[in-house]
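Enquirer: everything below, folded, please.
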Amino acid sequence: MGWFQRGARVDGDTGRAGLVGVAAAGPNGGTAGAGALLTPRTVLTCAHVVNVALGEQPFESRHPGEVTLGVTFPVAGPDRHPARLALWVAPRDRTGGPVPEGAREWAGDLALLELDEEPPAAVRPLPWRRMVEGLRVRSWYGAGQQFSYANGEVGACDDLVGYVDGRLSGAAVGHGYSGGPLWCAELGAAVGLVAGQVAPPQGAFHPQHVMRRSWAIPWQGVHAQLEAAGAGPLLAAGPDAPSEDPRGTTPAGADLTARHKLLGPLTVLLGDPAVRADRAREVAARCGLRAPDDGSAPGLEELAAVLAREPRALATLTGLLAPAVDAPHARHSLDQLLAHGRVLGPAWLLSHDEHRLLLDRLELLTGTDTGLLPRALRGALPYLDLPGPLRAPHLGFDAVPAAVAALEQFPGDSTPVPSGSPRVPALLRVVEYLAAARGGAEAAALQDWCSAVAARLGVHHSALLERRADAAQWAERAAAERRPRVVVRLQQVSGDPEGTYRCTLWQGRDDDSAARLSTGDDHPRTAPEVAGLVRDAVEAAAGDSQRVPTVEFVVDRGGLHWPVDEWEDADPDDIVPAALGEDCHVLLRCPELRRRARGGESELRRRWARRHDGAPLVLGGDHHNVRALAGELRTTWRDRGRVVLHGPREQRSRLLEVCLALGVPVVLWDREAADEEHSCRLDAVAPTGSLEGLPERVRCFRVKAFTDPAQHPARPALVWEDADRPLPHELRLADPGR
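Expert: Below is the predicted model of the structure:
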């Protein structure tokens, strides 16, 4: 028996707290299957359980669409709760085709359901561990009756399939168990999802027939498939699993060489058994382990093993040691301990105390401003391809744990540091930007947190101060650039009178979200009527602001050529009539094209982050081959963020669509230009001049053009897809592939 012991006994029925029942459709529908609570708002189940709940064939591979199922939480009562289908990994055979009738195993077959609200307090997300042979496991019927448990043992498994042999006494896995968790009391975690049965041959029973053998999708297979489907961020949002297999099996992914390298610095730092005993007991207490109180100390090898398998143990120990490290050789050993620990799979950046304090502060901040964290992320890490949990335009307090977990995986912020010192973690840079955006006492608390973590990690103080200065400049610049904003969704509907439109308006908030103001999509409106609605919205949004408002028209590909900047209000009492483009920065946005191209959204974010790199791209009559342009945009011009279009109308339209589909955020062209010879008409706009001043230069040109059309014949149109300003939720279109 080792010095470190598990803190509390986990009994076989503990896993029922995360069991979810999936009900068949209809008010009197029975139990279609089971599921497991993955995060406080996400249920994991099998896709075939969803099919059964909807009355479809179990292995139907077509996406069910936007459906909502009823789920129950057996430990909290029989009430049904709505759960929307959020992710679908269709059942398929090993070759990717349909699952044949009578198949005994298959691939895919996963689904995620999103809850409208968190479940009752008795229901808890389950921790998960890798499935290995020999584990004793338990599953339950979806309705969750306590007596319905079925015990078994994992007889064989790989990364795709795990076979479980049930006991001959008690319940057997059958209909209604599918999609539920396989709970291992020994690990205190779930290790897979029940998927199906290995049924014996039809006919008379024979002693050599397979009996009570079921199969499951191991957690490692679930994890890999969810990550491939884009749900990796949710995996980091679940609860930390307990320690590794108490029988001493090697932690999955642990680097034994790296673990051995921990022994050198541990000998220097904790060679004194009395000091080692004190620090080890503190680590055990924070990691939920038990330690003896007889004055003994753990061996260095056992301590190294705990640091390797407990997710935050290494960070917690270094946090305890850092304040007492004064001598250079001791600091060097602490830096070595941190460096070797970074290559261990479970080692997280933050200690338990640091993690808890940061979550408390961020959940408080994001509870009042859901756009704060996304703005700080975009400002602090403009060139990183952020993972899923960090891409959302709004992140509330419930999304903070997953966001922090994702940021902990980035080792550095890619900015230089003094020679010989560790890189500044990306998480610290983001927190500095959050502090700069908030200001006041909240900023000071976040900066103090950053300083303490940086000191533990050995980050040079000058490097942290440099990030703090960058953050302050970013916050000042962002405040200066903030303008009143109105978003207009404009579309034409078949059957409406010619020249009329349906429109919906939103007013931008300070957190870059948008509040729906009014709707005109209930009946068609003329261009002057739309202009009147927009002017009313602009006036409400502007308030006391002295800055020129921004109006973003969200259109489909056909709407890119509508002269919305020329539209005037039909108010007869207006003494000095003016077109929208004279008083506002009228910009176009077209998410439809970008979302029809694979990777269009990520291309937009990358190009927007690099929009100041390189000269603007000027395309004219020589660029008539659409495929050639697409190839150049993927290679030579991969980082270009601005395009100026010339040439004939039809050719210009084709090039425009390619540019927008491949994520080019800023495109300027003259709507009235007939051919290449008219390119000089845009010279007055300085199309290749400073990017940030382009919308204002276009507005000023429009004032002159509307005053003296003959002298200023160009009619500039400007697409401006600001990746830092997300569209309202209703306009963030679903995957067209669905």
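
Enquirer: so which bits of stretch 454-472 are buried?
Expert: For stretch 454-472, a neighbour-count test (16 or more other CB atoms under 10 Å) marks 454, 456-460, 463-464, 466-468, 470-472 as buried. The way it works is simple: take the backbone N, C-alpha and C, and place the C-beta from them, glycine included.

Enquirer: which among these gets closest to residue 268?
Expert: Proximity of the buried residues of stretch 454-472 to residue 268 (CB to CB) peaks at residue 458, which lies at 15.1 Å.

Enquirer: of all the buried residues of stretch 454-472, which comes closest to residue 715?
Expert: Here the nearest of the buried residues of stretch 454-472 to residue 715, counting by CB to CB, is residue 470; it sits at 40.1 Å.

Enquirer: which residue packs closest to residue 338, ignoring adjacent ones?
Expert: Closest residue in space to residue 338, ignoring its immediate chain neighbours: residue 318 at 5.9 Å, by CB to CB, 6 or more residues apart in numbering.

Enquirer: off-centre distance for the helix or strand hosting that neighbour?
Expert: Element membership of residue 318 [criterion: DSSP states H and E] is helix 313-321. Relative to the chain's own centre, helix 313-321 is displaced by 29 Å; criterion: CA atoms, centre = their mean, to the nearest Å.

Enquirer: could you confirm residue 510 falls within a strand?
Expert: No: assigned with DSSP: H, G, I helix; E, B strand; the rest coil, residue 510 falls outside any strand and is coil.

Enquirer: contacts only, for it.
Expert: Residue 510 is in contact with 369, 482, counting by CB atoms under 8 Å, 6 or more residues apart in numbering.

Enquirer: let's have the chain start at 10 instead
Expert: With the count now opening at 10, the last piece we talked about shows up as residue 519.

Enquirer: please report how far it lies from residue 493.
Expert: 11 Å (CB to CB, to the nearest Å).

Enquirer: equivalent analysis for residue 233, please.
Expert: In this view, residue 233 and residue 493 are 47 Å apart by CB to CB.

Enquirer: residue 514 too?
Expert: Counting by CB to CB, the gap from residue 514 to residue 493 is 13 Å.

Enquirer: ok, now residue 376?
Expert: 26 Å.

Enquirer: now do the strands in the stretch 210-359 of the chain.
Expert: Here the stretch 210-359 of the chain has its strands, by DSSP state E, counting those that start in this stretch, at 222-227, 298-299.

Enquirer: nearest approach to residue 32 belongs to which of those?
Expert: Judged by CB to CB, the one of the strands of the stretch 210-359 of the chain that comes nearest to residue 32 is strand 222-227, at 21.7 Å.

Enquirer: between residue 233 and residue 493, which one's more packed in?
Expert: residue 493 (22 against 14; other CB atoms under 10 Å).

Enquirer: that one contacts residue 548, correct?
Expert: No: using CB atoms under 8 Å, residue 493 makes no contact with residue 548, being 9.2 Å away.

Enquirer: in stretch 683-695, what's buried?
Expert: Result for stretch 683-695 [16+ other CB under 10 Å]: buried residues 687-688, 690-691, 693-694.

Enquirer: average model confidence for stretch 456-465?
Expert: For stretch 456-465, mean pLDDT rounds to 95.

Enquirer: check which residues of it are buried.
Expert: Of the residues in stretch 456-465, 456, 458-463, 465 count as buried by neighbour count, 16+ other CB under 10 Å.

Enquirer: give me the contact list for that stretch.
Expert: For stretch 456-465, the external contacting residues (CB under 8 Å, 6+ apart) are 324, 327-328, 331, 359-360, 363, 366-367, 370, 433-434, 437, 440-441, 444, 470, 473, 477.

Enquirer: buried ones in the biggest strand by length in the chain?
Expert: Taking DSSP state E as the criterion, the chain has its longest strand at strand 86-101. For strand 86-101, the neighbour count (16+ other CB under 10 Å) marks 90, 92, 94-101 as buried.

Enquirer: tell me which helix or strand of this protein sits lowest on mean pLDDT?
Expert: When the helices and strands of the chain are scored by mean pLDDT, DSSP states H and E, helix 241-246 comes last with a mean of 64.

Enquirer: just the contacts of stretch 456-465: which are in helices?
Expert: In this view, the contacts of stretch 456-465 that belong to helices under DSSP state H are 324, 327-328, 363, 366-367, 370, 437, 440-441, 444, 470, 473, 477.

Enquirer: report the rounded mean pLDDT for whichever helix or strand residue 662 is part of.
Expert: The secondary structure element spanning residue 662 is helix 658-670 (assigned by DSSP H and E). Averaged over helix 658-670, pLDDT sits at 93.

Enquirer: show me how this structure divides into domains.
Expert: According to automatic domain parsing, the chain comprises the domains 23-246, 265-350, 361-490, 494-596, 602-729.

Enquirer: quick check: residue 491 vs residue 592, distance?
Expert: For residue 491 relative to residue 592 (CB to CB), the value is 18 Å.

Enquirer: kindly report the same for residue 165.
Expert: Distance from residue 165 to residue 592, counting by CB to CB: 72 Å.

Enquirer: who's more crowded, these two?
Expert: Neighbour count, other CB under 10 Å: between residue 165 and residue 592, residue 592 has more, with 17 against 12.

Enquirer: what sits against the more buried one?
Expert: For residue 592, the contacting residues are 547, 557-558, by CB under 8 Å, 6+ apart.

Enquirer: next one: residue 123
Expert: 50-52, 92-95.

Enquirer: doesn't it belong to a strand?
Expert: Yes: counting by three-state DSSP, residue 123 is part of a strand.
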